[in-house]
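**Student:** sequence unknown, structure follows:
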């Protein structure tokens, strides 16, 4: 499955309450970028919904950059 196909097919239950605790996509994203993007790189996710994927990256050691004065505002 290509990256585009993976992100283009969110499936049933695409509401934050349905998927906030699921880590599959965050884990996929981490595995996809970990050998490409160094951990010291700041990452900004635009349109992050409830922030599940960006939280997974933060929990995995990445520095998260947000448009908010409080860097945890957009993270679960």
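**Tutor:** Yes, it's here. The structure displayed is predicted, hence computed values, not measured ones.
**Student:** CA atoms for contacts and neighbours, from now on please.
**Tutor:** Noted.
**Student:** where in this protein is pLDDT low?
**Tutor:** 1, 6-7, 10-20, 47-49, 65-76 (pLDDT under 70).
**Student:** same thing but 80
**Tutor:** Along the chain, segments meeting pLDDT under 80 span 1-23, 44-51, 64-76.
**Student:** Now do the helices in it.
**Tutor:** Residue ranges of the helices in the chain, as given by DSSP state H, are 3-8, 16-19, 24-33, 52-59.
**Student:** Please work out which of the ones you listed is packed deepest.
**Tutor:** When the helices of the chain are scored by mean count of other CA atoms under 10 Å, the highest mean neighbour count falls to helix 52-59 (a mean of 21).
**Student:** which residues sit in contact with residue 4?
**Tutor:** When contacts are counted by CA atoms under 8 Å, 6 or more residues apart in numbering, residue 4 touches no other residue.
**Student:** That one and residue 29, how far apart?
**Tutor:** For residue 4, the distance to residue 29 equals 12 Å [CA to CA, to the nearest Å].
**Student:** circling back to that earlier point, dump the helices of the chain into JSON lines; add distance to residue 42 as well.
**Tutor:** Converted to JSON lines, the helices of the chain look like this (distance: least, CA to CA, whole Å):
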{"stretch": "helix 3-8", "distance to residue 42": "21"}
{"stretch": "helix 16-19", "distance to residue 42": "24"}
{"stretch": "helix 24-33", "distance to residue 42": "13"}
{"stretch": "helix 52-59", "distance to residue 42": "10"}
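**Student:** among those, which is nearest residue 40?
**Tutor:** Residue 40 lies closest to helix 52-59 among the helices of the chain, at 11.2 Å (CA to CA).
**Student:** what angle separates the closest one from helix 24-33?
**Tutor:** Put simply, helix 52-59 runs at 50 degrees to helix 24-33, going by axes from the mean of the first three to the mean of the last three CA atoms, to 10 degrees.
**Student:** what sits against residue 26?
**Tutor:** 52, 53, 54, 56, 57.
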